[in-house]
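>>> Just the structure for this:
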Amino acid sequence: MIFEEICIANLFSYYGEQVFSLPSPTEGRPVILVSGRNGFGKTSFINSVKLLFLGTTTEMLSTVGEGLKLRPDTYLLGSINLGREWRGILNRRAREDGKPDTRYGIRIRWQEDQGTVCAERYWILNGEKLEYHLHIETDFETDFGKLIDDAESAEEFLERRLPKSIVPYFFYDGEQVQRLAEGNRQGQLQQIERLLDISTLDTLNEYLQKAINAWRQEGQGPEARAELDILLAHAQENKAKRDILQAQADDLTAEIENEERNIRRLEHQSDILRAKSLQRDEPRLREKLKTAKDAYEDACRKLAETLPVAAPLWAAPQLVQEVASKLVEATRDPNHLLSDQLKEIAAHLPEQLFDHPTHSSPHLNDDQKRHYKTKLRQLFTVFTEPPSGGFFSLNASQTQDIKARFEYYHRAQMERQHLAEDLKIASRLYREINDTQAQLDTLDNISPEEQRAFQERKLSIEQARKRQAERLKQQGGIEQDQARLETQFKDINKDIRDKETDVVKKDINSRRIDRARQAQRLFDDYKQRLKESSREGIEQAVNLRFKSLMTSHGLIDSIAVDTDFALTYHDARGQEVGMANISTGMKQLAAQALLWALSEVTTRHVPVIVDTPLARIDRAHQENLLKNYYPHAGEQVIVLPTDSEIDQDKYRLLLPHIAGEFRLENPDGEHTTVVANTKMYDQKAA
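A predicted model of the protein is given here:
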């Protein structure tokens, strides 16, 4: 695939139709230079090219900015709810013109092995209504014909040429490319499989699994199939509910994140006013506040560790005194003492009377003895019941024990003083914290207008936090509903699997299923062999290319690639180098080496487009990139630098490999124009 012409119409900063007629790359001259100052349209260029192949997918929506979550329509048109953060990708001047049938889109014509392809993705805006089109023309026959206007067929055509999942390997920002070196994420590893055409085996396995599912259902009787249909309908209904909840959750998350940014902005503005008021006193007050908070935490911890369970008795001496007085009265009650003495007599008298000599004459039998013992105990019970109606109903020994304990707490004056002192210290520190915070919040040194602005922002922050709390509460409810539906979905799926397993009856389908599963195992084994073969080639290439790019540091001696294409870095002793020890520039060079290696082993030949090509790399390694990487990164390489990235000396290094140059002009920020055949530097000066 070689791009011949790129036309950007009313997208981002490009107003009207802006055309790049690209010269054909030749042997040793694959580089096309599109230069311009910051904000002149380089990032808009690469995003427009991505838009053709990706459409308004999640990958494109995520290019707006970290933390912003947009729908396709708000990505295109912008949203007043997001304020200045996003205006949409449709050029504002073109929208203000309001001309009917104005196209907003990207058109690229390229050459491939079969012939010429012209693909255009565009929108027409009538009022606030968008009409979407994806149109492809070829000069050769395809599975969809030469003229493809059906959006689904056109998307499939583009997907076959350049799958969406591998677009980031060909069109990328140099400042972000280091993520390839540090990610080892599952999605990234799957993209590499797609790039190497290994993932087609997964597609075969998916089709086989669909066939297996169909054969299993064919063996079912009418009743079992009806039951299975009901379960499948329940599963579909459950999925629809979960999709609705997920959409609500995504909207809430976006609102929460936007509100959080608003709170941070208001707090930052308030901090500016507070700092203006405090001026030189702020560092001292903040240090004082920190010291007081630390001391308060220590005092509270000390109280928590030393405060006994009986602390309320120490803290209420008057109440303890009253209880002690009542206990003294109880111990002096003669009825109390007599009751205890009678109990002791009642415990021994019946046995002494009837079981020990001298015995009565005539002798009593055992039944008679038991009768008289019981009678005697019942008589004593009348006189030994605890006294009632007083402050306590206790026996004398219990009363004496409690009285001694309360007298101890009544006299524990020293312990009360220590406890009171600790509480006073904690209370004083708490007041000091509040006083210091109040001093920090004072606005005495600024104008009344600024004080009113501060109070208004303070109120806005409080209102925003209330809204935030309500959204978080709603989010929690949605998460609970999602968890409940997810559990239901798992149960339904289990029932579906059990039903399918139970009703498979036909032997022929069982044999088909066995053979299909054998084929799946065969494909899995073949995939592992392909991955191992590709792994060796990538590992050799990435180490070779990394050494040609990284020439001034020995931290990374070798890069290992495992069978899942995850990267690990090793030093000269074979020890693994942690990602935290690798600089951003080194990560970018490792990522560039990986991209270079992949371009050599892949069967796909796609132009490479790089924004911010030299990023944060030092000068010596920038020269390595210019001499060694970009002239060999692909058959066609489009580089988007500023003059601060590529000065005259660096330009001289790249000049022998340049096939053509363009310069972007954009004096007002909304009208990028393309100046063709214009050198970045005068050739004689360079």
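>>> And the strands in the protein?
Along the chain, counting by DSSP state E, strands occupy 2-9, 17-21, 31-35, 103-112, 115-126, 129-138, 147-148, 171-173, 558-561, 567-570, 608-611, 637-640, 658-665, 673-676.
>>> wait, which of those is closest to residue 522?
strand 558-561 (24.9 Å; Cβ to Cβ). Placement of C-beta: from N, CA and C, glycine included.
>>> Quick one: list the elements packing against the closest one.
Other helices and strands packing on strand 558-561, by 3 or more Cβ pairs under 8 Å, 6 or more residues apart in numbering; DSSP states H and E, are helix 507-549, strand 567-570.
>>> how about JSON lines for these, with mean pLDDT and mean neighbour count added?
Converted to JSON lines, the helices and strands packed on strand 558-561 look like this (pLDDT from 0 to 100; neighbours: other Cβ atoms under 10 Å):
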{"stretch": "helix 507-549", "mean pLDDT": "78", "mean neighbour count": "16"}
{"stretch": "strand 567-570", "mean pLDDT": "81", "mean neighbour count": "18"}
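>>> contact partners of stretch 15-31?
2-10, 32, 34, 91, 93-94, 630-639, 654, 656-660, 662, 670-674, 676 (Cβ atoms under 8 Å, 6 or more residues apart in numbering).
>>> related to what we said a few turns ago, now tabulate the strands of the chain in JSON lines and tack on distance to residue 304.
Shown next, in JSON lines, are the strands of the chain (distance: least, Cβ to Cβ, whole Å):
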{"stretch": "strand 2-9", "distance to residue 304": "67"}
{"stretch": "strand 17-21", "distance to residue 304": "70"}
{"stretch": "strand 31-35", "distance to residue 304": "67"}
{"stretch": "strand 103-112", "distance to residue 304": "66"}
{"stretch": "strand 115-126", "distance to residue 304": "65"}
{"stretch": "strand 129-138", "distance to residue 304": "63"}
{"stretch": "strand 147-148", "distance to residue 304": "74"}
{"stretch": "strand 171-173", "distance to residue 304": "53"}
{"stretch": "strand 558-561", "distance to residue 304": "53"}
{"stretch": "strand 567-570", "distance to residue 304": "48"}
{"stretch": "strand 608-611", "distance to residue 304": "58"}
{"stretch": "strand 637-640", "distance to residue 304": "62"}
{"stretch": "strand 658-665", "distance to residue 304": "66"}
{"stretch": "strand 673-676", "distance to residue 304": "71"}
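>>> picking that back up, closest to residue 644 out of the helices and strands packed on strand 558-561?
In terms of Cβ to Cβ, the element of the helices and strands packed on strand 558-561 nearest to residue 644 is helix 507-549, at 21.0 Å.
>>> roughly how far is the closest one from the heart of the chain?
With Cα atoms, centre = their mean, to the nearest Å as the basis, helix 507-549 stands 32 Å off its chain's centre.
>>> For residue 548, list the residues it contacts.
Taking Cβ under 8 Å, 6+ apart as the test, what residue 548 contacts is 624, 628.
>>> Please tell me how far it sits from residue 366.
Residue 548 sits 114 Å away from residue 366, going by Cβ to Cβ, to the nearest Å.
>>> again with residue 602
Separation of residue 602 from residue 366 (Cβ to Cβ): 108 Å.
>>> quick one: which of these two has more around it?
Between residue 602 and residue 366, counted using other Cβ atoms under 10 Å, residue 602 has the larger neighbour count: 18 against 8.
>>> any weak-confidence spans in the stretch 151-300 of the chain?
176-199, 216-224, 273-282 (pLDDT under 70).
>>> re earlier: closest to residue 427 out of the helices and strands packed on strand 558-561?
Distance to residue 427, taken as Cβ to Cβ, is lowest for strand 567-570 among the helices and strands packed on strand 558-561, at 57.0 Å.
>>> Who are the packing partners of the closest one?
Packing partners of strand 567-570 (3+ Cβ pairs under 8 Å, 6+ apart): strand 558-561, helix 584-601.
>>> Residues contacting that strand, please?
By Cβ under 8 Å, 6+ apart, the surrounding residues in contact with strand 567-570 are 181, 184, 542, 556-562, 576-577, 579, 582, 590, 594.
>>> hmm, try it at 7 Å
For strand 567-570, the external contacting residues (Cβ atoms under 7 Å, 6 or more residues apart in numbering) are 181, 184, 556, 557, 558, 559, 560, 561, 576, 577, 582.
>>> Could you pick out the buried ones from those residues?
Among those, those classed as buried by 16 or more other Cβ atoms under 10 Å are 181, 556, 558, 559, 561, 577, 582.
>>> Pick out the most distant pair among those residues.
Among those, 561 and 582 lie farthest apart (Cβ to Cβ), at 16.3 Å.
>>> so what's residue 559 scoring on pLDDT?
For residue 559, the pLDDT comes out at 83.
>>> My understanding was that it contacts residue 543; is that so?
Yes. The pair residue 559 and residue 543 passes the contact test of Cβ atoms under 7 Å, sitting 5.6 Å apart.
>>> Buried deepest among the helices and strands packed on strand 567-570, which one?
For these, the largest average neighbour count (mean count of other Cβ atoms under 10 Å) is found in helix 584-601, namely a mean of 22.
>>> same for it, what does it pack against?
Applying 3 or more Cβ pairs under 7 Å, 6 or more residues apart in numbering; DSSP states H and E, one finds that helix 584-601 contacts helix 179-182, helix 507-549.
>>> what about the stretch 1-150 of the chain, any weak spots by pLDDT?
Ranges of the stretch 1-150 of the chain meeting pLDDT under 70: 58-70, 80-86.
>>> let's see it at 80
Along the stretch 1-150 of the chain, the parts satisfying pLDDT under 80 run over 57-75, 77-87, 127-128.
>>> again with the stretch 401-550 of the chain
Checking the stretch 401-550 of the chain against pLDDT under 80 turns up 401-420, 422, 436-454, 497-513, 520, 523, 527-528, 530-535, 549-550.
>>> wait, what's in contact with residue 634?
Residue 634 makes contact with 30, 599, 607, 608, according to Cβ under 7 Å, 6+ apart.
>>> contacting residues around residue 628?
If you count contacts by Cβ under 7 Å, 6+ apart, residue 628 has them with 548, 549.
>>> For residue 682, state which of the contacts of strand 567-570 is nearest.
Once Cβ to Cβ is applied, the member of the contacts of strand 567-570 that ends up nearest residue 682 is residue 181, at 37.1 Å.
>>> Now render the helices and strands packed on strand 558-561 as JSON lines, adding distance to residue 171.
Output for these, formatted as JSON lines (distance: least, Cβ to Cβ, whole Å):
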{"stretch": "helix 507-549", "distance to residue 171": "20"}
{"stretch": "strand 567-570", "distance to residue 171": "21"}
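>>> any chance you could map the helices in the stretch 51-200 of the chain?
Assigned by DSSP state H, counting those that start in this stretch, the stretch 51-200 of the chain shows helices spanning 58-61, 72-77, 92-97, 151-161, 179-182, 186-195, 200-218.
>>> nearest to residue 478, of the strands of the chain?
Nearest to residue 478, of all the strands of the chain, is strand 129-138, at 29.5 Å by Cβ to Cβ.
>>> For the closest one, buried residues please.
Of all the residues in strand 129-138, those buried under the rule 16+ other Cβ under 10 Å are 134, 135, 136, 138.
>>> How far off centre is it?
Using Cα atoms, centre = their mean, the mean C-alpha position of strand 129-138 is found 35 Å from that of the whole chain.
>>> Counting by contacts, list what it packs against.
With contacts defined as 3+ Cβ pairs under 7 Å, 6+ apart, strand 129-138 has these neighbours: strand 115-126, helix 151-161.
>>> who's in contact with the last one?
If you take Cβ under 7 Å, 6+ apart as the criterion, helix 151-161 is touched by 1, 53, 119, 134, 136, 142, 144, 148.
>>> Can I get those in a markdown table including distance to residue 283?
Formatted as a markdown table, the contacts of helix 151-161 follow (distance: Cβ to Cβ, whole Å):
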| residue | distance to residue 283 |
| --- | --- |
| 1 | 61 |
| 53 | 54 |
| 119 | 61 |
| 134 | 60 |
| 136 | 65 |
| 142 | 71 |
| 144 | 70 |
| 148 | 68 |
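>>> Thank you, goodbye.
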